[in-house]
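J.: from the sequence below, what's the structure:
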Amino acid sequence: MELFGLPVVQVYLYALIVSGLITILYVFFSDIAEGMGEGSPFLDPAVILSFITFTSAAGYIIELLVEWHSGVVLAVAIAIAIVLDILLYFFVLLPLSSAEVSLAYTDESLMGQVGRVIVPVPIDGYGEIVIETVNGRISKRATGYENAAIDYGKEVLIIEVKNGTFIVKEYEPFRFANHE
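T.: Below is the predicted model:
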C-alpha cells in the first residue's frame, strides 16, 4: 500500500525519524513549552511526541515483520502506542513532575545544622565554618554566640543568621547519663 506516493513502511520510518528529532529538540527546549500540558495530561507535548514515536516505531516494525493489511497494522500500532504511552505517563512522567529536587538553599534553612570550624572564631571576631549538606560542603562566615571564642576543628551548632553571618555555639551532643 502507498500513502503520499510512498510505501507505508517509508511513511512510518519518516514519521519515526521526524518525531525522534522533534523529541530531542523538545528535551532541550522544554522550558519554553512548560505548562502546555497543565489542563490535560493528554495535551502534554511529551505525551503527544511519545505517542507519535511509539506508533511510528511499532507500525514500522510490524510492517516489516508480518504481511497484514496496512489498516490492521495501523490499529495494532496505535494500540501498542496507547499502552506504552500510559505506562510512560504514569511510571515516568508523573513521578518526575511531582519530584521536587533543588540544589538551592537559604541561610535560614541551615539553622540548627551542625558544622565544623575551619578558621578559628576569636572573641568579638569572625571565623569560618563548613557545613556538609546533601548539596555538598558550604563554608560560611561565623561568629561565636555571646562573643565566645571557638577553636579550630570544633563542632558547632548554628543558632541564627544575621546579615549573612552565622552565629554559632560549640556543639555538645546529647548523651544519656549512665546510671549504675
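J.: domains in the chain, by residue range?
T.: 2-98, 108-170 (automatic domain parsing).
J.: mind putting those into a markdown table with mean pLDDT, mean neighbour count and distance to residue 176?
T.: Just so you know, the C-beta spots here come from the backbone N, C-alpha and C atoms, and that holds for glycine as well. Formatted as a markdown table, these follow (pLDDT from 0 to 100; neighbours: other C-beta atoms under 10 Å; distance: least, C-beta to C-beta, whole Å):
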| stretch | mean pLDDT | mean neighbour count | distance to residue 176 |
| --- | --- | --- | --- |
| domain 2-98 | 85 | 15 | 40 |
| domain 108-170 | 90 | 15 | 19 |
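J.: can you give me the helices in this protein?
T.: 8-28, 45-65, 70-88, 94-98 (DSSP state H).
J.: which one of those helices lies nearest to residue 118?
T.: Taking C-beta to C-beta, helix 94-98 is the member of these nearest to residue 118, at 37.5 Å.
J.: look up how far residue 56 lies from residue 5.
T.: Counting by C-beta to C-beta, to the nearest Å, the separation of residue 5 from residue 56 is 18 Å.
J.: over to residue 71?
T.: 16 Å.
J.: before we move on, what about residue 17?
T.: For residue 17, the distance to residue 56 - C-beta to C-beta - is 9 Å.
J.: how about residue 150?
T.: 66 Å.
J.: got it, and residue 91?
T.: 22 Å.
J.: ok, residue 115 next?
T.: For residue 115 relative to residue 56 (C-beta to C-beta), the value is 55 Å.
J.: also residue 44?
T.: On the measure of C-beta to C-beta, residue 44 and residue 56 end up 19 Å apart.
J.: with residue 50 instead?
T.: From residue 50 to residue 56 the distance is 11 Å (C-beta to C-beta).
J.: what sits against residue 20?
T.: residue 53 (C-beta atoms under 8 Å, 6 or more residues apart in numbering).
J.: in the sheet, who's paired with residue 141?
T.: Note on residue 141: beta-bridge partners by DSSP bridges are residue 128.
J.: which residues touch it?
T.: 126, 127, 128, 164, 165, 166.
J.: check the gap between it and residue 167 for me.
T.: Residue 141 is 10 Å from residue 167, by C-beta to C-beta.
J.: now do residue 133
T.: 19 Å.
J.: okay then, goodbye and thanks.
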